[in-house]
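**Q** no letters, just coordinates:
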């Protein structure tokens, strides 16, 4: 069955966080380094911050409550105003014959600024930013709501993202087909879900 809708993740799915990460998170990285309150390698922490929600990284690396809160306070007012480009194969997304939704987890102002800098708002029917700092909602909640409001059957929707433990997991729990977009082979050990490295590979769903 051809899909009627595709739900996309943003970070490391539409664009590479690493392409802007050092500049974007410079003040956060400095805060963590100066705190001395983390118990792991700073390079690993930096890499994870570019791939996962800050709250998840803070818990994983045993940041102190004070450091975690300082990081949240910094990030909730952060915006990005520099150049940012989607992955080169993003052009393929525009031509897919389905309604498109963008669902991303992160701080509201920051996620909005990245979307605006890429100029991709018009490519999506709906854009949802799940901000753990202000809401208990999850991507799973948003996915379920999108399907209900738009009267899609589960088999008519596809979820595309880079994180097996976030949007891919949420899709599976709801019974929605999912595809792991692993542009830079960050998930070589993941075999439980179909993987792609280029958006042109989504054509098979139509």
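**A** Good, I have the coordinates. What you are looking at is a predicted structure, and each value in this text was computed from that prediction instead of being measured. Numbers count the residues shown, from 1 in each chain.

**Q** partners of the longest strand along the chain in the sheet?
**A** Counting by DSSP state E, the longest strand found in the chain is strand 99-105. Pairing partners of strand 99-105, with direction, according to DSSP bridges: strand 5-8 (parallel), strand 126-130 (parallel).

**Q** quick check: next helix or strand after the longest one?
**A** Put plainly, it is strand 126-130. As assigned by DSSP states H and E, the chain's next helix or strand after strand 126-130 is helix 139-150.

**Q** which is the next helix or strand following that following helix?
**A** Downstream of helix 139-150 (by DSSP H and E), the next one is strand 157-161.

**Q** and the next helix or strand past that next one?
**A** With elements assigned by DSSP H and E, the helix or strand that comes after strand 157-161 is helix 167-174.

**Q** I'd guessed residue 180 sits against residue 191; true?
**A** No - here residue 180 lies out of contact with residue 191, judged by CB atoms under 8 Å, at a distance of 9.9 Å. C-beta: built from backbone N, CA, C; applies to glycine.

**Q** where does the chain dip in pLDDT?
**A** Applying pLDDT under 70 to the chain flags residues 1, 37-40.

**Q** please parse it into its domains.
**A** Listed domain ranges for the chain are 5-15+85-205, 21-75 (source: automatic domain parsing).

**Q** what does stretch 80-100 contact?
**A** 2-8, 14-16, 19-20, 23-24, 110, 113-114, 117-118, 120, 123-125, 150, 158, 183, 198-200, 202-203, 206 (CB atoms under 8 Å, 6 or more residues apart in numbering).

**Q** do you know how far the residue nearest to residue 111 when sequence neighbours are not counted is from residue 77?
**A** Leaving aside its sequence neighbours, residue 111 sits nearest to residue 129 (CB to CB, 6 or more residues apart in numbering; 4.6 Å). According to CB to CB, to the nearest Å, residue 129 and residue 77 sit 15 Å apart.

**Q** more neighbours, these two?
**A** residue 129 (20 against 10; other CB atoms under 10 Å).

**Q** what's across from the more buried one in the sheet?
**A** residue 104.

**Q** run through the residues that contact it.
**A** Per CB under 8 Å, 6+ apart, neighbours of residue 129: 104, 105, 106, 108, 111, 112.

**Q** state the distance from the residue lying farthest from the centre of the chain to residue 98.
**A** Going by CA atoms, centre = their mean, the residue of the chain most distant from its centre is residue 36, 28.3 Å out. Separation of residue 36 from residue 98 (CB to CB) stands at 49 Å.
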